[in-house]
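Visitor: One predicted model, sequence on top.
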Amino acid sequence: MSTVAVSASRKDAKKPKRRSDAAAGWGFLSPWIIGFLLFSGFPILFSFYLSLTKWNLLGKPQFVGLQNYADLMSGDSELGKTLLVTFIFTIINVGVSILFSLILAMLLNSKVRFKGLFQFFYYVPTIMPSVVMAGCMTLMFNPQLGIVNYVLKLIGVTNPPNWTGSNSLVWVVVAYASVFTFATGQQMLVFSAALKDVPTELYEAASLDGANGWQKFCHVTIPGIAPMMLFNVVSCTVNSFNGAFTLLYPLTGGGPGDATKVLGLLIYDKAFKSFNMGQASALAVVLFIIVAIIGALQFKLMDRK
Amino acid sequence: MNVRLRSGAKKIVAAVAAIASLGAMAACGSGTASQSDDNTLTFSYWDTFPVLEEFKKDNPDIQLKEVKVPGDSYNTKINQMILGNNAPDVMLLQEADYVRYAKNGVIDKLDDKLGDMGVKTDDFLPAIKGIADDVDGYYGLSQGMATEIMYYNKDMFDAAGVAYPTADWTWDDYAAAAQKLTKTEGGQTTQWGSDAPSFNGVWYSLAGQGGDAVVKDGKLSLGKGLKAALEYQNKMTNELKVQPAPSSGSKVSDLFAAGQAAMTLGGSWLIANTYKDVDFNWDIAPMPAAPDGQDYDSLHTSFFAVSSSSKHKTAAYKFLKWMMSEKGQVALEKANANISPFKSIGDKGDYQIQGKHGPSNWDAFTEAAEQGKFGYTTVASTPTFDLYNQINAYILGQTSENDVLKTAVDKANKDIEAAQ
Amino acid sequence: MFKAPKWFTVLQYVVMIIVALFMFFPIYWIFCNSLKTLTGISAFPPQLFPSNPQWSNYATVLSNPSTLLYLRNTLILCIGNTIGTLLSSSIVAYPLARMHFKGRGVIFAIIIATMMVPTATLVIPQYLLFRAFGMLDSFWPLILPAFFAQPYNVFLFRQFFVSIPESIDEAAMLDGCNRWQAFWKVIVPLGKPIFITVGIMSASFWWNELFTPLIFIDSDNLKPLTVGALTSFQLAGGGNQTNWPLQMAFSMLMIIPPAILYIFCSKYITEGIKTSGMKD
């Protein structure tokens, strides 16, 4: 009786409710609509427009067609190099973050006492501001006075390297710094939550089958956290595009030379150092397209799962 | 809900209107400023400016807002603020920007205010008058003159039995002394003969000593002099290993001040700040000359200039008046070991800041200042800083000599042209 | 259940302690250097335990009026942005989780897509926009956008709201609530954990943020701690040198608030993160 009444009233209410949903729905969405128009939709379109102009903020932008893009494609432009650098940075940053967060999460998932204390020691270093971390790394990796080279000398390395002065070794510093980023801490918590959800029966069953630790890791743990893993890689990649500047600007400033000048730093330089708004916008458009492609790929992968 | 939407729509309209007017707004760089002299004053400087404390004490009625920027990003930040229609009321400007802003009308011509400020232009040093002739008047007032100089640790020279540097030292003498002064212990250098040049200006002086004009027709003119300088510094760092490799990014320590390097080249202002309180005996000497080069030493100054869009000009003029008064000038001389641009004040020698353990050879400084020329500081600064990064990359073995001499110098000149 | 042998348990502890030391070393190193003198910093071999700890470095940093000013500014940014994004993002997330109307899917797709757009691609037009509004060198460019919903936070709220049974707000609406009341009186109280999570994330982000303040803020009295840390401890001399002991003391002070936040809110951080990973 009562169920009939409810379903009947639902049927009656359906039409007007729909309409009010649409009005209310758009009402609720209005802050985002304004925000989208002002702070992302308009900026993206305006970037496209600016990328077709030459402008140093004085006077009016001059329309130059595809000149900026032609300059970017020309032989002596920094685009190729900076794309490579950005790519290397993203791989290292995402890779180190994911690897370390997984290791830390697995350690936290083991049966030990004082887990809260360990989690504190593992997590807190990842939330130190990157400006702070960069200062500390500068001191640690200093070739003459740093603790890292001191330790290397203690263990018998006679000629320890100049870490931030070398095009290749600077990536070691970047990788080390990537351990202490916000992303690592977040992913660690995600993984440790995911690991708890892997049914213990699966491990027990694997043990009965005579699997060793590594086999259990490969065949139980990894499949168990695979969906999380994918989510983590996506958000880590997004983070790495956004966090590249905050991490590298105080740490290396793009140096040595231009060895760590990622796209974000180059855009900043072009826009706010040389005031070449046209070329900076062209680079911004390139970055936008790259991120769009990566995003599309990642979501496609997520859909498949 | 209707109301909500409508106000939302209004906001959108307002936003669209704002976007549409963006181009137009951008055009009017410095709107006509209404004069509301509420005694607040924004002043921009790089690194530190200790004299401000004294100014504040003398002018409690002026509320000072400071724009403090690290030296290596100062010029770009000021440029950004000007282009953002947001210029500080009074800016400390280096030579190139001073000239450029004077020509673009970003800063006010002060000639008819000089009388009120008590500034006597015929007392200015010739170098200052020269710049005023170039830009056709006084658009800013120099805070003082500085130059580059050599510093050495007397205790280390004594311990190693090396004779103190003299005015006729060459690069080779410097290198030979550095070799004798370098100490190693088990492959580890415990004392460097020389510190790496940490101030980018030193590189332009070295190139000049090597025979380059450094600046010609508003562009960098670097070639065989820079080549000689690169090879000389490369030899010091990588062959003789008497000088540490330069660091990229911020430097951890001044090895000379830390008592770990026997010699260094740097700005004369170091006398008054970094090296004043060191606890070893030290002195200054003229920069060594290149074997078959020329005498070259960059002269440095910077100007207090008033933004033409400033809304606090009365306070701004008061600020300049104080800085250019004898009291202000002496305070500035003492803070930075700058020689006052007023000959009458400079001659009194208040800039000769005596630290606990040095220096005594003031003639070296005075002579360097007299012979110094405005050089790389007269072209846009961002490209000269960028070039310095490339030079360091060469010393670090990360790029080739040819890349620096050709590609990097060409790029710098392209950027200098674009920045005009 | 599998019983670990004793040596394995010991090994486990050893590994965990080594990793803890590895992770915590940078913080220790900051602390250690904050107690040295300027010459102590350049000593080699580096001192692992400062022989003559300079606690006065902390006094110097704390007694500098700029430090408190920077702290105030960072707090303004943290609080302003957090309030802004909690309000706007939750409001926007609600219809995406609950209401059925044409275009919802498209909007959600756009929000997901814009989640990935890096700040570097948007900052130039935003700079020009705020320049046109005359809002440069103020907090507006940093706080205002938060009041217009941020995609990632919308996504988090939406994921959480989806997990609340629909029957709950339907019941409220049968009681005569309209959508707005249902959201405000039912969903918001139920959504407390996600509000706390997003709040913590927003606050920690702004505690750390460098890029946008570097572009939009010029005056010393408006700088947040991050920019202050980069600009306040420069030594005069043009050699790009830093007064490291003071900077490290300042850094140490910057680490403490997030650590405290973590101690009290770690539960919510984990909870919220689970939500973000939940499949639709």
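Guide: Cool, got the structure. What you see is a predicted model; the values in this text were computed from it and never measured.
Visitor: Can you pull out the low-pLDDT segments for the stretch 151-280 of chain C?
Guide: C:237-240, C:271-280 (pLDDT under 70).
Visitor: 50 - rerun?
Guide: The model of the stretch 151-280 of chain C has pLDDT under 50 over residues C:278-280.
Visitor: Excluding sequence neighbours, find me the nearest residue to residue 294.
Guide: All of this refers to chain A. Of all residues not flanking A:Ile294 in the chain, A:Thr237 sits nearest, at 6.4 Å (Cβ to Cβ, 6 or more residues apart in numbering or on different chains). From N, CA and C alone the C-beta is placed, and that goes for glycine too.
Visitor: not what I meant, chain B
Guide: In space, B:Gln294 is closest to B:Gly211, 6.0 Å off (Cβ to Cβ, 6+ apart).
Visitor: Could you do C:Phe108 as well?
Guide: Using Cβ to Cβ, 6+ apart, the nearest residue to C:Phe108 is C:Leu96, at 5.2 Å.
Visitor: cool, A:Lys196 as well?
Guide: A:Lys196 sits nearest to A:Asn109 (Cβ to Cβ, 6+ apart), 6.8 Å away.
Visitor: go on, B:Tyr138?
Guide: B:Leu110 is the one closest to B:Tyr138 (Cβ to Cβ, 6+ apart), at 5.0 Å.
Visitor: Now do the same contact list for the one you found.
Guide: B:Met117, B:Gly137, B:Tyr138, B:Tyr139, B:Gly140, B:Leu141, B:Val306, B:Leu320 (Cβ atoms under 8 Å, 6 or more residues apart in numbering or on different chains).
Visitor: Let me know the closest of those residues to chain C.
Guide: Closest to chain C out of these is B:Val306 (17.2 Å), distances taken as Cβ to the nearest Cβ.
Visitor: My reading is that that closest one lies in a helix. Confirm?
Guide: No: under DSSP: H, G, I helix; E, B strand; the rest coil, B:Val306 sits outside any helix and is assigned strand.
Visitor: Bridged to it, which residues?
Guide: B:Val90 (DSSP bridges).
Visitor: Give me the pLDDT for it.
Guide: At B:Val306, the predicted lDDT confidence score is 95.
Visitor: can you pull the contacts of it?
Guide: B:Val306 neighbours (Cβ under 8 Å, 6+ apart): B:Asp89, B:Val90, B:Ile107, B:Asp108, B:Leu110, B:Gly140, B:Lys313, B:Ala316, B:Tyr317, B:Leu320.
Visitor: quick check: domain ranges of chain A?
Guide: Using automatic domain parsing, the domain ranges for chain A come out as A:2-50, A:79-260.
Visitor: Span of the last one from start to end?
Guide: Spelled out, that is domain A:79-260. End-to-end distance for domain A:79-260, by Cα to Cα, to the nearest Å: 13 Å.
Visitor: Equivalent analysis for stretch A:32-44, please.
Guide: End-to-end for stretch A:32-44, by Cα to Cα: 16 Å.
Visitor: contact partners of it?
Guide: A:26, A:288, B:8, B:11-12, B:15, B:19, C:88, C:92, C:107, C:110-111, C:114, C:117, C:121-122, C:124-126, C:129, C:145, C:147-150, C:154.
Visitor: quick one: low-confidence ranges for the stretch 1-150 of chain A?
Guide: In the stretch 1-150 of chain A, residues with pLDDT under 50: A:1-18.
Visitor: In terms of pLDDT, where does A:Gly165 sit?
Guide: 83.
Visitor: what's around the closest residue to it other than its chain neighbours, how many residues?
Guide: Spatial nearest neighbour of A:Gly165, chain neighbours left out: B:Leu396 (4.1 Å); criterion: Cβ to Cβ, 6+ apart. Residues near B:Leu396, counting by other Cβ atoms under 10 Å in any protein chain shown, number 24.
Visitor: B:Leu240 now?
Guide: Neighbour tally, B:Leu240, other Cβ under 10 Å: 16.
Visitor: any idea which element the residue lying closest to it once chain neighbours are set aside lies in?
Guide: Of all residues not flanking B:Leu240 in the chain, B:Gln179 sits nearest, at 5.8 Å (Cβ to Cβ, 6+ apart). Here B:Gln179 sits within helix B:171-181, counting by DSSP states H and E.
Visitor: show me where pLDDT drops low in the stretch 201-305 of chain A?
Guide: Checking the stretch 201-305 of chain A against pLDDT under 50 turns up nothing.
Visitor: Can you tell me which residues in it are near chain C?
Guide: When proximity is defined by Cβ under 8 Å from any Cβ of the partner chain, the stretch 201-305 of chain A lies next to chain C at A:203-204, A:207, A:227-228, A:231-232, A:235, A:238, A:241-242, A:245-246, A:249-250, A:263-264, A:267-268, A:271-272, A:277, A:280-281, A:284-285, A:287-288, A:291-292, A:294-295, A:299.
Visitor: go with 7 Å
Guide: A:204, A:207, A:227-228, A:231, A:238, A:241-242, A:245-246, A:249-250, A:264, A:267, A:271-272, A:277, A:280-281, A:284, A:287-288, A:291, A:295 (Cβ under 7 Å from any Cβ of the partner chain).
Visitor: Grab the nearest non-local neighbour of the closest residue to chain A within the stretch 251-400 of chain B.
Guide: Closest contact between the stretch 251-400 of chain B and chain A, by Cβ to the nearest Cβ, is at B:Ala393 (3.5 Å). In space, and not counting its chain neighbours, B:Ala393 is closest to A:Gly257: 3.5 Å by Cβ to Cβ, 6+ apart.
Visitor: got a list of what the one you found touches?
Guide: B:Asn389, B:Gln390, B:Ala393, B:Gln398, B:Thr399 (Cβ atoms under 7 Å, 6 or more residues apart in numbering or on different chains).
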